[in-house]
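A.B. asks: kindly return the folded structure for what I paste below:
(one chain, ligands or ions: 1)
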Amino acid sequence: MTKIPHRIGILTSGGDAPGMNAAIRAVVRSALYYDMEVYGIRDGYLGMKRNEVEPLDAGSVGDIIHRGGTFLGTARLPEFATDREVREVCYSTLREHGIEGLVVCGGDGSYRGANLLQKETGIPTVGLPGTIDNDLGYTDFTIGFDTAVNTCVDNINKLRDTMASHGRVSVVEVMGRNCGDIAVHSGIAAGAEAILVPEIHKTDNQWLDYIVRKLRVSFGRGKKYGIIVMAEGINMTPKMHHFTADYIASWLNANADAVGHRVDARGCVIGHVQRGGSPTASDRILAARMGEAAVDVLREGKTNLCVGIRRNRIITTPIDEAVEMKNHVDKHLIALADILAR
Ligand code: ADP
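C.D. replies: Numbers count the residues shown, from 1 in each chain. Next up is the predicted model:
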């Protein structure tokens, strides 16, 4: 147990994610409900270093629940991990403003920062999983993931219209870094023929065989177009850098014989639009539940925990453990996608 903080800080850090604003709002309003004070720290650990801190009241988080991004801003400050002097500057900001507890919304890097901060200052910290990638193994879902999946599905729906009109194949690359969850979820929701994820280890030729097999099946039953969804993590290793959506599309165009059908394939990288947009209702509700839970952690005198959700129940996990847990893509969902694309 640590001292129960009266004045807490909140920051968003690392990559932004839709729903971060809803999370900030939930933290601020829950804390105010319990007569705590909240200070917003701009631009993650960078704003902490620059002493960019402001008090937040109920009104300052009004009209943000539906907005993508984070109104506090986010940034990266790599020196926070490596340079004690930089961290001391950051800590002096917290001391100057009398901040006695800290909520950090971000990914595993931001969590590691929160852990270190607590160990060096004694200020209790709690993490909220703000990342579209869904790559934190301790939680079923992260804030922003559902919105990113919906953005992918919207985009693939639009591609599907034109692919269907022209009888084309779209190879669509989606985000997620080393986690294939965005690809699997958007691939299933969009009815993709094939889904490529980094958790399944195949060589480039093995992936091409797989795609050809899947296209042969769907062309064989009379489908006139195809959707292939690949996670960006597929080509993040040096050996696979060449294996882009465009590369796969060109290969298919040059190897129509293997597919046994006329092929007119195009590559498409959805890109950073996946990180933006108004958060879905699911992400807003997740952010609300998790934000309240983060305040509870601090109110209960606990620290170094991160908030998650498992089987629709809010849970907390020690940050030390959480950052070591790898997310495992749901192999059953991949098998299901396979069955449904026959
Ligand atoms: P994310 O939180 O989305 O994983 P990053 O990995 O870029 O994003 O981390 C965000 C910030 O968290 C970094 O710029 C740095 O300030 C801090 N951070 C990252 N890793 C560590 C670490 N090992 N120790 C302390 N702070 C870290």
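
A.B. asks: and the strands in the stretch 51-200 of the chain?
C.D. replies: 53-56, 101-106, 125-129, 169-174, 194-196 (DSSP state E, counting those that start in this stretch).

A.B. asks: any chance of JSON lines for those strands, columns mean pLDDT and mean neighbour count?
C.D. replies: (C-beta placed from N, C-alpha, C; glycine too.) Shown next, in JSON lines, are the strands of the stretch 51-200 of the chain (pLDDT from 0 to 100; neighbours: other CB atoms under 10 Å):
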{"stretch": "strand 53-56", "mean pLDDT": "98", "mean neighbour count": "16"}
{"stretch": "strand 101-106", "mean pLDDT": "98", "mean neighbour count": "30"}
{"stretch": "strand 125-129", "mean pLDDT": "98", "mean neighbour count": "31"}
{"stretch": "strand 169-174", "mean pLDDT": "97", "mean neighbour count": "26"}
{"stretch": "strand 194-196", "mean pLDDT": "96", "mean neighbour count": "26"}
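
A.B. asks: wait, which of those is closest to I270?
C.D. replies: Nearest of those to I270, taken as CB to CB: strand 169-174 at 5.5 Å.

A.B. asks: got the CA positions of the closest one in PDB?
C.D. replies: Only the C-alpha atoms of strand 169-174 are listed here, as PDB (Å, rounded to 0.1, in the frame of the first residue of the first chain):
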ATOM      1  CA  VAL A 169      -8.000  -8.800 -56.300                       C
ATOM      2  CA  SER A 170      -7.000  -6.400 -53.500                       C
ATOM      3  CA  VAL A 171      -4.100  -7.100 -51.300                       C
ATOM      4  CA  VAL A 172      -4.700  -4.800 -48.200                       C
ATOM      5  CA  GLU A 173      -2.000  -4.100 -45.600                       C
ATOM      6  CA  VAL A 174      -3.300  -3.100 -42.200                       C
END
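
A.B. asks: which residues touch that strand?
C.D. replies: The set of residues external to strand 169-174 that reach it, using CB atoms under 8 Å, 6 or more residues apart in numbering, is 152, 155-156, 159-160, 163, 182-183, 186, 192, 215, 225-232, 244-246, 248-249, 252, 263-270, 274.

A.B. asks: try 6 Å this time
C.D. replies: 152, 156, 159, 163, 182-183, 186, 226-230, 232, 245, 248-249, 263, 265-270 (CB atoms under 6 Å, 6 or more residues apart in numbering).
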